[in-house]
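Chemist: Build the 3D model from these lines:
(one chain, ligands or ions: 1)
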Amino acid sequence: MDTHDPSDIPEFLEMSMKQKKNLQAALLRKGQPPQWHPRQMMLGQFLWKLQHKVDRSQNFNIGTSFVPPPYPPCVTPFSELTKVMIRDLVLETQHRGKYLLLRCATPQDRMTAVMAMVEDEVDETILLQLYHQEHPDQAREEILIQGRTVIVKEPYLKEAATGGYALRVDHVSDVEFLAPTNERIPRRWRTSPAEKTAAAWKIAGNAHFNKSRHRAAIEAYTEGLGCSPTDEERQILILNRSMAHLKAGSFDKALVDADVAVLSPGASEKAPFRKAQALYGLARFRECCDVLKVLCSEHPSNTPAKDLFRRAVARLAEETNGRYDFKAMHAEAAKLRPPHLDHATFVGPVAVRPSGISGGGRGLFTTAAVSAGDILLCEKAFAHAYADESNPLNTRNVTILIDTTTDNMSMGAQAELLDRLVRKLHQNPSLSKAITDLHHGDYNPVEPTSVDGFPVVDSFLLRRIIPLNTFGCPLTTLSSHPRTSSTPAPKDNKSMFHSCGIWPLASYINHSCTSNACRAFIGDMMIVRAARSLPADTEITWRYVPPPAEPTAYLERQRLLRKSWGFMCRCGECREARDTPGSVLETRKALWKEVWELVGAQRSTVGVESVRKAEKAVARWAATYKRSPGEAPRLEVSNLQVMMAARYRACGEPVESVKMAMGALNSLGFFIEGGDLQGEEKPPVVKEWGLMADHVVDCWIFLRDVSQLVAPWRVDAVEKHAKTAYKICWGEDETFEKTFGGGK
Ligand SMILES: C[S@@+](CC[C@H](N)C(=O)[O-])C[C@H]1O[C@@H](n2cnc3c(N)ncnc32)[C@H](O)[C@@H]1O
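Modeler: Numbering: from 1, shown residues only. Predicted structure coming up:
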């Protein structure tokens, strides 16, 4: 939702079509043995390219990857796989039930994938391409180290885009890196590491850790643990490994190590601290607080523990009562890049249930009555990829993933999101279900979620989940909204963003153009509020695509919904648009022209007679609808009424201008009692909130400003409604006064 879709860009479309043809040609050779080139030639070519590679840190570089048709990750235990040699492989085929034992014959190269030439035990050579191996935030360490042994399970051989052949590994769980002492390494490939003792491995591990080589550090500490360490050495190795896991984002493994350390005799205070850090990383704040409470009472001078305890208590409070310091969150988002904030998810009175919308699968429902503006959830992104919206491709390396099966393209941050998601699930299987349970269309995922004790991550499943469940997002709604942004809004794609993320619970919300909830962002936090009063057991809905800019946009909206999410919307607004005959659309077009000519923005001054004429034209337009505004909001009519309210005000007609502004709200389905400037002095009471269109807040602010001049008795009530509308759109009302000033 709201993400840039590069698949309509002609250059990319052309590239995709070309590659599709290449793929189809390659698939014709499926099952055939490849024409192998001599080993020296293949190694020479790879090394030559590596040596003559342009320094990519100095150049703008686009890496393209064409995703092959989906193939499943290996879920067969290693003991049931049989070894094959490179020469046994056939083209465009996944070799189920087989594995390759390989040694890295060259240093690695890095493009969209991590690559190296690898050889088997009879010295056959091939290019190995590993995808999604790296966490985008982490210091880049060597993954395919020359001389190291790797196992590729159920290998997939394909023609490489650059010519020749390659083993393509899309599933991180299909490759195993063997530590130097692993007994599966053939004797003639074995090298004897310099480190022989636990103490030496600890020193080696620490050296790697200090250079942010966390994989290597973890491996060294693991080797040390296999060298009969003393109790003291074991405690240090385990705690250091736990720390390296924390740094690598493997909170599950960090927790396992910390738990072992806590139970070891003579455990130091670092053990519960590591445990608390891992629990914090997994957002298990209550357990984290429990551990830290004991630690801080036993070691009152442990400052890092006290600091973490303070943060964990704050997160627990957010998670429990949904109260956030939004101003502080804005300050954090302004400072941090990427804007990944240190806050907890609050789940309000909502639950996932079968949707009431035909074909809608599951949806999110209220479990208690809520009022307009109430918080439904404030969710921390499970994964979030940031791009500076003012210059989204201002990075040296841009990745474009082109899926020729689904015709889906992702670029920059969207491609990065996939890497982030794969790494997070691979490193933290305890968190997987939140993502793998999300809607994935007709994709059939594999059953087991682990094999040989290791998590299985299906990157093709995630590739299906991402386009269906991802939200494009600004740095903050406050900084991007046309009303509060310091940069002018782009004319097209006004709510499309390059930054994006996955908010799993929010993903259960189905689409309706006549939505009843709104989302706003502060960094990687999404705030969802009720846009109207909702009784308990109401299905929450919002718009997947922006509201139509013009009456004819109905078909375009349906096309977008069908293309991206596979359904047609049948809300009141869409049914009204569908049932509107062409002749009525023609009438509306003519009326729009008439109104525009009478009071349009191109006219510097407008006489009150023209505004009255325009008002009549708008009334004729409003009479063309079959359904009430409550059922089918009339966005275009409302927009025109806002324009006329301003015109009446400029003509010195406050009563008429208030009537028009209230009319603009009524056209969106608002039902407001009192509040006009004639008759009794009754402040407006909103009985029903309507569609939360972009101009709703402006309307209320307009009403407040007019009231200040001619009817101060209504200012407080109007400002209260303005604040509620602001809270719904911007997610919070702490910045309301700064944006729109105080009421008096
Ligand atoms: C982000 S998911 C929403 C949660 C999803 N309903 C589920 O069961 O997990 C988007 C998918 O929900 C379904 N969906 C959402 N809104 C719908 C609507 N108004 N009518 C029919 N299907 C809808 C479509 O299958 C769409 O691809």
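
Chemist: which stretches of the stretch 401-550 of the chain form strands?
Modeler: With DSSP state E, counting those that start in this stretch applied, the stretch 401-550 of the chain shows strands at 408-411, 450-451, 454-455, 471-472, 500-502, 510-511, 517-522, 525-530, 541-542, listed in chain order.

Chemist: And the ones you listed: which comes nearest the ligand?
Modeler: Distances from the ligand to each of those were compared by Cβ to the nearest ligand atom, and the smallest falls on strand 510-511, at 3.4 Å. In this view, the C-beta of every residue, glycine as well, is placed from N, C-alpha and C.

Chemist: hang on, the earlier thing: residue 104: which of the strands of the stretch 401-550 of the chain is closest?
Modeler: strand 454-455 (20.7 Å; Cβ to Cβ).

Chemist: Parallel or antiparallel, list what pairs with that closest one.
Modeler: For strand 454-455, sheet partners with direction are given as strand 450-451 (antiparallel), following DSSP bridges.

Chemist: quick one: average pLDDT of the strand it pairs with?
Modeler: Averaged across strand 450-451, pLDDT comes to 94.

Chemist: What lies in contact with that strand?
Modeler: Judged by Cβ atoms under 8 Å, 6 or more residues apart in numbering, the contacts made with strand 450-451 from elsewhere in the structure are 74-78, 173, 429, 456.

Chemist: residues near the residue of the stretch 1-150 of the chain found nearest the ligand, how many?
Modeler: For the stretch 1-150 of the chain, the residue positioned closest to the ligand under Cβ to the nearest ligand atom is residue 1, at a distance of 7.8 Å. Residues lying near residue 1 (other Cβ atoms under 10 Å) number 25.

Chemist: With the one 3 residues further on instead?
Modeler: For residue 4, the tally of surrounding residues (other Cβ under 10 Å) stands at 22.

Chemist: Using ChimeraX, make a named selection holding only the buried ones among the contacts of strand 450-451.
Modeler: Command for ChimeraX that selects the buried part of these, burial taken from 16 or more other Cβ atoms under 10 Å:
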select :74,75,76,173,429,456
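
Chemist: ok, and which of the contacts of strand 450-451 reach the ligand?
Modeler: Of the entries in the contacts of strand 450-451, none also sits close to the ligand under the rule Cβ under 6 Å from any ligand atom.

Chemist: Quick check: residue 122 touching residue 85?
Modeler: Yes. Residue 122 sits in contact with residue 85 when judged by Cβ atoms under 8 Å, with a separation of 6.0 Å.

Chemist: The two - which one has more neighbours?
Modeler: Of the pair residue 122 and residue 85, residue 85 is the one with more neighbours under other Cβ under 10 Å, namely 13 against 8.

Chemist: confidence score at the nearest residue to the more buried one once chain neighbours are set aside?
Modeler: Distances taken as Cβ to Cβ, 6 or more residues apart in numbering place residue 120 nearest to residue 85, at 5.2 Å, with adjacent residues excluded. Looking at residue 120, its pLDDT reads 97.

Chemist: same check, this time on residue 169
Modeler: 96.

Chemist: List the buried residues of the helix or strand encompassing residue 638.
Modeler: Assigned by DSSP states H and E, residue 638 belongs to helix 635-650. Buried residues in helix 635-650, counted by 16+ other Cβ under 10 Å: 635-649.

Chemist: right, and the helix or strand after the helix or strand where residue 203 lies?
Modeler: Under the assignment given by DSSP H and E, the secondary-structure element containing residue 203 is helix 198-210. Helices and strands here follow DSSP H and E; after helix 198-210, the next one along the chain is helix 214-225.

Chemist: Would you map the helices across the stretch 501-650 of the chain?
Modeler: Residue ranges of the helices in the stretch 501-650 of the chain, as given by DSSP state H, counting those that start in this stretch, are 553-565, 572-579, 582-599, 608-622, 635-650.

Chemist: Nearest to residue 280 among those helices would be which one?
Modeler: When the helices of the stretch 501-650 of the chain are ranked by distance to residue 280, counting by Cβ to Cβ, first place goes to helix 553-565 at 35.2 Å.

Chemist: A strand includes residue 102, no?
Modeler: Yes. Going by DSSP: H, G, I helix; E, B strand; the rest coil, the assignment for residue 102 places it inside a strand.

Chemist: Contact partners for it?
Modeler: By Cβ under 8 Å, 6+ apart, the contact list for residue 102 reads 118-120, 128, 149-152.

Chemist: ditto for residue 67
Modeler: 170, 401-405, 463.

Chemist: Then residue 700?
Modeler: The neighbours of residue 700, taking Cβ under 8 Å, 6+ apart as the test, are 718-719, 721-722, 725.

Chemist: Among these, which lie within helices?
Modeler: 718-719, 721-722, 725 (DSSP state H).

Chemist: What residues does this protein have near the ligand?
Modeler: If contact is defined as Cβ under 6 Å from any ligand atom, the residues of the chain in contact with the ligand are 355, 357, 359-363, 439, 468-469, 507-508, 510-512, 565-567, 569.

Chemist: Poorly predicted segments of the stretch 251-400 of the chain, please.
Modeler: Along the stretch 251-400 of the chain, the parts satisfying pLDDT under 70 run over 390-398.

Chemist: swap that for the stretch 1-150 of the chain, sorry
Modeler: For the stretch 1-150 of the chain, the stretches with pLDDT under 70 are 6-8, 12, 16, 54-63, 136-139.

Chemist: For the stretch 301-450 of the chain, which residue gets nearest to the ligand?
Modeler: Closest to the ligand within the stretch 301-450 of the chain is residue 361: 2.7 Å, counting by Cβ to the nearest ligand atom.

Chemist: just to revisit the earlier point, what's the helix holding residue 203 in contact with?
Modeler: Under the criterion Cβ under 8 Å, 6+ apart, residues 194-195, 214, 216-221, 223-225, 227-230, 233-234, 236-237, 240-241, 243-244, 247 lie in contact with helix 198-210.

Chemist: Which positions within it qualify as buried?
Modeler: In terms of neighbour count (16+ other Cβ under 10 Å), helix 198-210 has its buried residues at 198-202, 204-206, 208-209.

Chemist: and the angle for it with helix 214-225?
Modeler: Computed with axes from the mean of the first three to the mean of the last three Cα atoms, to 10 degrees, the direction of helix 198-210 lies at 170 degrees from that of helix 214-225.

Chemist: got the CA coordinates for helix 198-210 in PDB?
Modeler: Taking C-alpha atoms only, helix 198-210 is exported to PDB below (Å, rounded to 0.1, in the frame of the first residue of the first chain):
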ATOM      1  CA  ALA A 198      39.600 -22.500  24.300                       C
ATOM      2  CA  ALA A 199      41.700 -19.400  25.300                       C
ATOM      3  CA  ALA A 200      43.100 -19.000  21.800                       C
ATOM      4  CA  TRP A 201      39.700 -19.300  20.300                       C
ATOM      5  CA  LYS A 202      38.400 -16.700  22.700                       C
ATOM      6  CA  ILE A 203      41.100 -14.300  21.600                       C
ATOM      7  CA  ALA A 204      40.400 -15.000  17.900                       C
ATOM      8  CA  GLY A 205      36.700 -14.500  18.500                       C
ATOM      9  CA  ASN A 206      37.200 -11.200  20.300                       C
ATOM     10  CA  ALA A 207      39.400 -10.000  17.500                       C
ATOM     11  CA  HIS A 208      36.600 -10.700  15.000                       C
ATOM     12  CA  PHE A 209      34.000  -9.100  17.300                       C
ATOM     13  CA  ASN A 210      36.000  -5.900  17.600                       C
END
